[in-house]
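Visitor: Quick one: sequence and predicted model below, then my questions.
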Amino acid sequence: FEALKDKQQAEEAVIRLDHGQPIRFGADGSRGVVRDAVTGDLKVVDVTPDNESQILVHDAHAASPTTAFALSRLADPDTLHHTPIGVLRSVDRPVYDTQMADQLDAAIEQNGKGDLAALLAGGDTWTVVG
């Protein structure tokens with residue numbers, strides 16, 4: 001992790017992600033992230049006047065996780081160069097517990113509160129013929 005801890009190396013190695021901002025890094029923002037028009041993959045390029053408009057703008061609130069996943073795969077596993085740091089994705093989604101509680105409340109409202117003892121001691125029986 002030396003490349004990420006050393007301030008000078010980190011300028012070239014770390015890609016700081018800020019929602020709504022172009023994904024640029026390097027000492028003077030000379031490097032950037034673009035999407036390859038043919039493959040759709042993300043790649044790091046030297047920013048030039050010709051490709052500056054193609055620099056990806058970070059959208060942490062995108063509904064699809066595709067770009068966030070692609071950003072997470074940019075880092076070189078051996079050198080950790082091109083390591084994105086920041087919020088890759090932040091979306092609001094329903095929580096399982098809340099949805100389950102809502103379903104239970106709806107069932108009680110629709111069918112009334114159940115009685116477990118009555119269910120267990122109920123009159124319905126099975127006859128097993130063997």
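Guide: Arrived safely.
Visitor: confidence score at the residue most central in space within the chain?
Guide: Using C-alpha atoms, centre = their mean, the residue of the chain that lies closest to the mean C-alpha position is residue 89, 4.0 Å off. For residue 89, the model assigns a pLDDT of 95.
Visitor: can you check residue 83 too?
Guide: 86.
Visitor: pretty sure it contacts residue 72?
Guide: No. Taking contacts as C-beta atoms under 8 Å, residue 83 lies outside contact range of residue 72: 9.5 Å. No exception for glycine: its C-beta is placed from N, CA and C like everyone else's.
Visitor: So which of those two has more stuff around it?
Guide: Using other C-beta atoms under 10 Å, the more surrounded residue of residue 83 and residue 72 is residue 83, with 19 against 13.
Visitor: any idea how far the nearest residue to that one once chain neighbours are set aside is from residue 81?
Guide: Nearest residue to residue 83 in three dimensions, chain neighbours excluded: residue 75, at 4.2 Å (C-beta to C-beta, 6 or more residues apart in numbering). Remark: distance between residue 75 and residue 81 (C-beta to C-beta, to the nearest Å) = 7 Å.
Visitor: Kindly tell me how buried the closest residue to residue 19 other than its chain neighbours is, as a neighbour count.
Guide: Nearest residue to residue 19, sequence neighbours excluded (C-beta to C-beta, 6+ apart): residue 60, at 4.3 Å. Close neighbours of residue 60, defined as other C-beta under 10 Å, add up to 16.
Visitor: what does the one 3 residues further on give?
Guide: Number of residues near residue 63 (other C-beta under 10 Å) recorded here: 9.
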